[in-house]
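# My questions are about this predicted structure, shown below with the sequence.
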Amino acid sequence: MKELIQRSIFGLLYVFLILLLVYYNFSPILFSLFGSLAMLELGKILFLKRNAIQLWLLSFWIAFLPWFSTVFVNTFFFEKPFFNFYTEWLTLFKIADRIVAFFEWRWLWILGVFLATVVLFYRKGGYKSLLPFAYIIMPFVLAIEIDIADQQLAISPILLIFIFMWTFDTFSYIFGKLFGRHVIAPSISPGKTWEGFAGGIAGAAVLTFFLSRSEILPFSHAISGYLLALVLVLSAFLGDLFESKLKRKAGVKDSGAFIPGHGGILDRIDSFLFAAPAFYFVYPLLLNL
């Protein structure tokens with residue numbers, strides 16, 4: 001009972017932190033925190049040396065810089081109550097113009113970071129040594145790109161992704177507990193069943209129905225919303241399985257102990273790391289259907 005209470009309290013705090021930071025447009029702070037912790041946990045799972053983990057952390061922060069600085073300036077300098085206080089200071093030093101110019105070169109910047117990581121890590125570890133870039137850095141870069149670029153959703157796209165993840169996980173858990181009989185991948189994650197998976201998809205479909213009725217989703221056709229939901233839950237499920245596979249190979253149950261009762265931060269965002277890139281590529285296509 002004590003463990004259940006602890007798990008519930010810290011689970012609610014985790015959700016509240018996400019809602020608070022995303023609502024006030026502080027998603028770069030959220031992603032910086034989650035990305036840094038996830039990188040540390042991934043480094044331990046991959047048995048990387050301390051200096052390699054530190055280099056990957058530095059690479060994450062450098063890669064994230066164009067997006068972080070842009071959102072930081074937009075939030076703290078161009079929105080009330082900060083606008084009047086900082087406008088003159090911004091104009092004097094032309095900081096806003098410099099950051100806008102920096103942001104326009106962001107993809108060349110990320111290419112430079114990628115090439116640097118290849119030089120630093122590829123010789124020693126091959127393709128596997130580049131996993132932190134593909135698994136941690138790029139998903140967060142694409143997530144913040146979504147948050148900056150989209151102007152059509154009624155809520156933050158980041159929040160929408162998390163809501164779909166939470167709905168899918170909740171319904172999967174309930175249906176799995178009640179009806180679970182057939183395990184999907186016994187050698188990777190023996191707790192996941194086809195019945196739970198079907199329940200998660202059903203929950204996501206119900207969520208999509210209400211989001212469409214409330215006009216939160218900007219699609220012209222209802223089918224686009226259901227296709228987005230399907231892509232998100234499938235990618236989230238694959239993300240969960242992928243992290244489970246990494247933990248199995250490392251011989252650990254949890255990626256860390258950052259959230260009491262829930263394991264590490266990587267255990268909480270494994271679905272997001274697959275769902276965010278899926279949203280980035282699929283959402284614009286569905287808008288044009």
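Looks like it came in fine. What you see is a predicted model; the values in this text were computed from it and never measured.
# Quick check: which ranges of this structure have low pLDDT?
1-4, 6, 72-100, 125, 150-151, 260-262 (pLDDT under 70).
# residue contacts, the nearest residue to Tyr14 once chain neighbours are set aside?
Closest residue in space to Tyr14, ignoring its immediate chain neighbours: Ile259 at 5.9 Å, by CB to CB, 6 or more residues apart in numbering. From N, CA and C alone the C-beta is placed, and that goes for glycine too. Residues in contact with Ile259, defined by CB atoms under 8 Å, 6 or more residues apart in numbering, are Phe10, Gly11, Tyr14, Ile265, Asp267, Arg268.
# In helices only, show me those residues.
Under the assignment DSSP state H, the contacts of Ile259 contribute Phe10, Gly11, Tyr14, Ile265, Asp267, Arg268 to helices.
# which among the contacts of Ile259 end up buried?
Gly11, Ile265, Asp267, Arg268 (16 or more other CB atoms under 10 Å).
# Need the max-distance pair from those residues.
The distance between the two most remote of the buried ones among the contacts of Ile259 (CB to CB) is 13.0 Å, for Gly11 and Ile265.
# what's the lengthiest strand in the chain packed up against?
Taking DSSP state E as the criterion, the chain has its longest strand at strand 189-193. Packed against strand 189-193 by the contact rule (3 or more CB pairs under 8 Å, 6 or more residues apart in numbering; DSSP states H and E) you find helix 157-179, strand 183-185, helix 222-250.
# roughly how far apart are the residue nearest to Tyr14 and Glu104?
For Ile259, the distance to Glu104 equals 37 Å [CB to CB, to the nearest Å].
# Also Phe219?
29 Å.
# can you check Ile9 too?
44 Å.
# returning to that earlier point: which member of the contacts of Ile259 is positioned nearest Phe164?
Arg268 (14.8 Å).
# With just CA atoms, put the helix or strand Val206 falls within into CSV.
Using DSSP states H and E, Val206 maps to helix 194-213. Provided in CSV are the C-alpha atoms of helix 194-213 (Å, rounded to 0.1, in the frame of the first residue of the first chain):
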residue,chain,number,x,y,z
TRP,A,194,-2.0,-8.3,-27.2
GLU,A,195,-5.2,-7.7,-25.2
GLY,A,196,-3.6,-4.8,-23.4
PHE,A,197,-2.3,-3.5,-26.7
ALA,A,198,-5.7,-3.6,-28.2
GLY,A,199,-7.2,-1.9,-25.2
GLY,A,200,-4.6,0.9,-25.5
ILE,A,201,-5.5,1.4,-29.2
ALA,A,202,-9.2,1.5,-28.2
GLY,A,203,-8.5,4.1,-25.5
ALA,A,204,-6.6,6.3,-28.0
ALA,A,205,-9.5,6.0,-30.5
VAL,A,206,-11.9,7.2,-27.8
LEU,A,207,-9.6,10.1,-27.0
THR,A,208,-9.3,11.0,-30.7
PHE,A,209,-13.1,11.1,-30.9
PHE,A,210,-13.4,13.6,-28.1
LEU,A,211,-10.5,15.7,-29.4
SER,A,212,-12.1,15.9,-32.8
ARG,A,213,-15.5,16.8,-31.4
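# Against which helices or strands is it packed?
helix 157-179, strand 183-185, helix 222-250.
# who touches the shortest one?
In this case it means strand 183-185. So strand 183-185 is contacted by Pro190, Gly191, Lys192, Thr193, Trp194, Phe197, Leu241, Ser244 (CB under 8 Å, 6+ apart).
# Could you do the first one as well?
Taking contacts as CB under 8 Å, 6+ apart, the residues outside helix 157-179 that touch it are 15, 18-19, 22-23, 27, 143, 146-147, 150, 153, 191-193, 195-204, 207, 216, 229, 232-233, 236-237, 271-272, 275-276, 279, 283.
# In that helix, which residues are buried?
157-169, 171-173, 175-176.
# Wait, Glu34 touches Ile269, no?
Slight slip there: residue 34 is Phe, not Glu. Yes. Look at Phe34 against Ile269 with CB atoms under 8 Å: they come within range, at 5.8 Å.
# quick one on the thing from earlier: any idea which of the ones in helices among the contacts of Ile259 is closest to Ile53?
Closest to Ile53, out of all of the ones in helices among the contacts of Ile259 and judged by CB to CB, is Ile265, at 14.7 Å.
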